[in-house]
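Undergrad: A structural model of the following input is requested.
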Amino acid sequence: MKKATVLLAEDHPTVAEQLRQLLQESFEVVAVVAHGEALVKAAGRLLPDVVVTDISMPGMDGLQAAKELRSRRPSQGIVFITVHDDAALARKALGIGLGYVLKGEAGEQLIDAVNAALRGEPYVSSSLGIDLYDIHRDAM
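TA: Modelled structure (predicted):
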């Protein structure tokens, strides 16, 4: 069975490598890029099933890149991976993408978040205490 494809955007090389190794256990990581502009270009060329992107990156950040990706492919699965444990930012991000995972919880939750995105379902790090039902209801 063919593995789902993932495109990773992370500007810190060490973190990018750790995330790539984690993701490749379950998915085919088609590329790793370091900023939003490269993410938009690579996603347009590679058409990954899911994009996993950091929020804070130089130049075009992950939120801006995700908006651009959504405008081109509205069904694009997008999971944000971030150090920002801010519920308001998570809600904003979930208005664009399907997942929001804290980097400190990636080992336990990133694979689940990507699988949820593949199913078209929202996912948020449990430690944020956000009710996904409320986010889904607000988006309707």
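
Undergrad: Going by neighbour count, list what's buried in stretch 77-87.
TA: Across stretch 77-87, burial judged by 16 or more other C-beta atoms under 10 Å covers Gly77, Ile78, Val79, Phe80, Ile81, Thr82, His84. For every residue, glycine as well, the C-beta is placed using N, CA and C.

Undergrad: So which of those residues are in strands?
TA: If you go by DSSP state E, those have Gly77, Ile78, Val79, Phe80, Ile81, Thr82 in strands.

Undergrad: Show me which of those residues is closest to Ala42.
TA: Using C-beta to C-beta, Ile78 comes nearest to Ala42 of these, at 13.6 Å.

Undergrad: Distance-wise, check that closest one relative to Thr14.
TA: Counting by C-beta to C-beta, to the nearest Å, the separation of Ile78 from Thr14 is 23 Å.

Undergrad: again with Arg70
TA: If you go by C-beta to C-beta, the gap between Arg70 and Thr14 works out to 29 Å.

Undergrad: Neighbour count for these two, which is higher?
TA: The neighbour comparison of Arg70 against Thr14 (other C-beta atoms under 10 Å) goes to Arg70, with 14 against 8.
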